[in-house]
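> 3D, please:
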Amino acid sequence: MGPQSPDNPKTWSKGYRWYITTLAAVLLLNATFASSAPSGVIPDLIEYFSFSRAVGTLTIAIFVAGYCVGPLAWGPLSESYGRKPVFVFTFIVYTGFQIGCALSRNTASILIFRFLGGVFAASPLANSGAVIADIWDPAVRGEAMAIFTLAPFAGPTFGPIVSGFMANAGVSWRWVFWVLAMFTGTCLALVIFTLPETYVPILLVKRAQRLRKETGDNRYWAPLEREDKSIGERIKHVFARPFVVLVHEPMLIAITLYMSFMYGCLYLLFEAYPIVFTQGHNLNQGMSGLMFLPIFIGGITGVIIYLFFFNPRYERAIAAFAPYPVPPEYRMEVCMLAAPIFAGSFFWFGWTSYPSISLWAPMLSGIPLGVGVIFLFLGLFNYTIDAYLFVAASALSAITVVRSLFGAGFPLFATQMYVALNPRWASTLLGCIATLLGPIPFILRYYGHHLRRRSKYAPTGDLPIKPPSEEMKEKERAARAV
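Take a look at the predicted model:
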């Protein structure tokens with residue numbers, strides 16, 4: 001499909017593409033909001049179902065565990081059948097499971113519905129970013145991705161706020177899930193009526209089918225129509241490739257470990273914050289949920305700084321390296337700043353968590369935490385795409401699965417850790433681990449090009465690591481012209 005073709009998503013009007021970007025972000029916001037929404041009504045769930053606090057926490061963790069399964073299927077399926085059909089199918093089923101949670105009468109049903117809801121809610125995790133890549137050129141994609149990145153972190157911070165105030169108002173816990181069902185149903189309607197197909201290979205299939213019908217000439221066909229893979233090959237491609245790439249790539253292992261720890265810490269706070277603010281400062285469920293708001297404010301601050309400072313620097317690097325691509329290591333600049341900010345926020349939170357200290361002190365630690373998380377996510381996410389190119393989807397799928405395991409697992413031991421060690425030392429432990437992981441961006445920045453040269457899956461090892469001279473640029477342009 002030509003760059004000027006009206007069927008090419010990158011030629012659609014900028015306003016329309018920004019609408020699609022916003023809708024993709026809302027779909028992801030919906031999924032992440034649903035993951036943490038029950039946190040404010042866990043005491044009500046414990047009273048109704050008569051289960052333990054650990055099982056109450058499991059209603060959050062098991063939803064996130066569904067993220068470990070969903071991306072392995074929804075991403076590859078979207079590359080075979082298109083983005084829109086996968087969104088429509090998954091959101092229909094996802095809405096049904098939200099209704100199932102609202103009508104649950106026993107522990108088994110709500111846990112099963114939560115897990116299956118997480119599996120189908122993972123569709124935007126796998127495909128919303130792909131939609132943005134479908135419609136934007138690299139020059140603008142950084143801006144779209146910076147705004148889009150807020151969604152996976154805004155959702156978990158809003159969940160406790162909404163459900164906390166609902167619990168404080170005396171609303172039944174079932175209404176939390178009815179609200180989620182209505183939110184999901186609205187998203188489904190928007191997908192059905194306003195989201196176009198954006199995946200170019202599928203658009204080529206539709207064009208070929210249209211031409212065959214209009215002309216009666218069967219010579220028109222799209223490459224995707226000629227693919228002939230057995231069921232076994234498809235299963236291997238869907239489920240095995242991400243992990244094959246992961247175990248062979250030290251760079252990807254390091255990135256996955258860092259992003260997974262960061263993601264796990266975010267979900268761990270759903271257990272840590274009630275200990276500090278609800279128990280320590282005697283806040284009700286609604287006010288305790290508001291303590292998550294600074295994390296979102298920090299995320300917005302991080303996006304603004306990225307758009308007005310780091311993204312222009314990267315655009316200048318694009319001009320300096322042209323016609324070569326910018327080495328992936330330049331993505332690490334923002335992470336080198338974020339690493340100490342992310343680690344320091346836990347020391348700040350921990351050592352201001354005494355009940356005798358104003359709650360504003362630990363609450364405001366969420367601002368640098370949000371800034372650090374956004375910076376790290378943007379830098380590491382973009383580094384993975386730039387370094388792995390044609391296997392980037394598999395690399396990102398591996399990261400998504402592993403980080404979801406951390407997100408599901410960390411809340412399960414958070415309460416015990418914060419009770420046994422107290423909030424000061426528990427947060428210090430997290431800060432120390434973050435400090436140990438902090439050198440990863442620095443290592444990738446200065447030694448990543450050596451690792452890429454030895455990599456089996458990163459086809460970018462021969463890129464210049466410094467801006468080329470004008471003579472080199474002219475030779476490259478002449479070679480491409482020939």
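
> So what's the gap between stretch 105-122 and the chain middle?
Distance of stretch 105-122 from its chain centroid, counting by CA atoms, centre = their mean, to the nearest Å, is 21 Å.

> What are the buried residues along that stretch?
Buried residues in stretch 105-122, counted by 16 or more other CB atoms under 10 Å: 107, 110-122. From N, CA and C alone the C-beta is placed, and that goes for glycine too.

> So for the helix or strand harbouring Glu333, what gets flagged as buried?
In the assignment (DSSP states H and E), Glu333 maps to helix 332-351. Buried positions in helix 332-351, judged by neighbour count with 16+ other CB under 10 Å: 332-339, 341-351.

> could I have whichever strand or helix holds Thr95 exported to CSV, CA atoms only?
Assigned by DSSP H and E, Thr95 falls within helix 83-102. The C-alpha trace of helix 83-102 is given here as CSV (Å, rounded to 0.1, in the frame of the first residue of the first chain):
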residue,chain,number,x,y,z
ARG,A,83,-7.3,-5.2,15.2
LYS,A,84,-11.0,-4.4,15.2
PRO,A,85,-12.4,-8.0,15.2
VAL,A,86,-10.2,-8.9,18.1
PHE,A,87,-11.3,-5.8,20.0
VAL,A,88,-15.0,-6.5,19.3
PHE,A,89,-14.8,-10.2,20.3
THR,A,90,-12.8,-9.6,23.5
PHE,A,91,-14.8,-6.7,24.7
ILE,A,92,-18.1,-8.6,24.2
VAL,A,93,-16.8,-11.4,26.4
TYR,A,94,-15.1,-9.0,28.8
THR,A,95,-18.4,-7.2,29.4
GLY,A,96,-20.1,-10.5,30.1
PHE,A,97,-17.5,-11.4,32.8
GLN,A,98,-18.0,-8.0,34.5
ILE,A,99,-21.7,-8.7,34.7
GLY,A,100,-20.8,-12.1,36.1
CYS,A,101,-18.7,-10.5,38.9
ALA,A,102,-21.6,-8.2,39.8
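
> give me the low-pLDDT residue ranges for the chain?
Residue ranges of the chain with pLDDT under 70: 1-7, 138-139, 209, 211-214, 216-239, 390, 393, 459-464, 468-482.

> Could you chop it up by domain?
Split into domains by automatic domain parsing, the chain comes to 1-216, 242-463.

> Now do the nearest residue to Glu271 once chain neighbours are set aside against Ala54, distance only.
In this structure, Glu271 finds its nearest non-sequential neighbour in Ala414, 3.6 Å apart by CB to CB, 6 or more residues apart in numbering. From Ala414 across to Ala54, the span is 11 Å (CB to CB, to the nearest Å).

> what do you get for Leu268?
14 Å.

> go on, Met336?
On the measure of CB to CB, Met336 and Ala54 end up 38 Å apart.

> For Pro411, grab the count of nearby residues.
Counted with other CB atoms under 10 Å, residues neighbouring Pro411 total 24.

> Check Lys14 too.
10.

> same deal with Arg424?
Neighbour number of Arg424 under other CB under 10 Å is 16.

> show me the contacts for the closest residue to it other than its chain neighbours.
Of all residues not flanking Arg424 in the chain, Gly350 sits nearest, at 4.8 Å (CB to CB, 6+ apart). Contact analysis of Gly350 by CB atoms under 8 Å, 6 or more residues apart in numbering lists 423-428, 430-431.

> I'd say Thr194 and Leu23 touch.
Yes: the pair Thr194 / Leu23 is scored as a contact, 6.8 Å apart, by CB atoms under 8 Å.

> For Ala414 and Ala54, indicate the residue with more neighbours.
Neighbours per residue (other CB under 10 Å) separate Ala414 from Ala54, with Ala414 holding more: 25 against 13.

> any idea how far Gly264 is from Pro242?
Counting by CB to CB, the gap from Gly264 to Pro242 is 19 Å.

> Wait, Tyr81 touches Pro201, no?
No: using CB under 8 Å as the test, Tyr81 is too far from Pro201 to be in contact (10.5 Å).

> ok now stretch 342-359, how far from the chain's centre?
With CA atoms, centre = their mean, you get 27 Å for stretch 342-359.

> Stretch 313-325 too?
That offset, for stretch 313-325, works out to 27 Å (CA atoms, centre = their mean).

> What of stretch 248-256?
Using CA atoms, centre = their mean, the offset of stretch 248-256 from its chain centre is 18 Å.
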